[in-house]
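**Q** here is my input; please provide its structure:
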Amino acid sequence: MNKEEREIKFKVWDNWNKKFLNYGEVDIWDLIFQEQKLMEEIYTDGMANECLEFQQYTGLKDKNGVEIYEGDIMGGVLGGLYVKWCDKCKQFQLHILNTNECMACGGDLHWSEFVTFDDNEVIGNIYEGVLPKYENK
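**A** Numbering: from 1, shown residues only. Down below sits the predicted model:
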């Protein structure tokens, strides 16, 4: 793989069961390839958007070697920010948790600056919140 290319992979959040799924648990993959009619009904009804949410890997790892995905909440000096795709910037950016405001669009921290920080740390995600071991830090 070219150094500038990143691996394309996803985490999947199951809104109904309130947990992350691994690819072995995601029945929708089988549906896509084996049950075309059912998939058409699911997408027509909008059900796929309601039950599964896909978070793409950014290609980065935090200081502990944890892969950083969309929806991950960052700790340290970046506390209160989470990773999200910005349609305006056309790339991943850090967003403010309470307002969903893109930091780069607001003239603040840009993704290219974020990737240079040595103390980036994933402390949770927007679905499960801050992991218990980080709650009082």
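**Q** where does the protein dip in pLDDT?
**A** Within the chain, the ranges that satisfy pLDDT under 70 run 1-4, 22-50, 132-137.
**Q** can you list the strands that the longest strand anywhere in it pairs with?
**A** The strand spanning the most residues in the chain, taking DSSP state E as the definition, is strand 52-61. Paired with strand 52-61 in the same sheet, following DSSP bridges, are strand 10-14 (antiparallel), strand 67-69 (antiparallel).
**Q** between those strands, which gets nearest to residue 122?
**A** Closest to residue 122 of the strands paired with strand 52-61, according to C-beta to C-beta: strand 67-69, at 6.0 Å. To be clear about C-beta, it is placed using only N, CA and C from the backbone, and glycine gets the same treatment.
**Q** list the buried residues in the longest strand of the chain.
**A** Buried positions in strand 52-61, judged by neighbour count with 16 or more other C-beta atoms under 10 Å: 52, 53, 55, 56, 57, 58, 60.
**Q** what is the burial count for the spatially closest residue to the first one that is not a sequence neighbour?
**A** This means residue 52. Excluding the flanking residues, the one nearest residue 52 by C-beta to C-beta, 6 or more residues apart in numbering is residue 12, at 5.6 Å. Using other C-beta atoms under 10 Å, residue 12 has 18 other residues around it.
**Q** hmm, residue 12 is touching residue 53, no?
**A** Yes. Residue 12 lies in contact with residue 53 (C-beta atoms under 8 Å); the separation is 7.2 Å.
**Q** any idea how far the spatially most central residue of the chain lies from residue 8?
**A** The centroid of the chain falls nearest to residue 70 when counting by C-alpha atoms, centre = their mean (1.7 Å). Distance of residue 70 to residue 8, computed by C-beta to C-beta, to the nearest Å: 12 Å.
**Q** okay, and the common contacts of the two?
**A** Common contacts of residue 70 and residue 8, defined by C-beta atoms under 8 Å, 6 or more residues apart in numbering, comprise residue 56.
**Q** could you measure from the nearest residue to residue 61 once chain neighbours are set aside over to residue 96?
**A** Computed as C-beta to C-beta, 6+ apart, the closest residue to residue 61 that is not its neighbour in sequence is residue 67, at 5.6 Å. Using C-beta to C-beta, we find residue 67 at a distance of 22 Å from residue 96.
**Q** no more questions from me, cheers.
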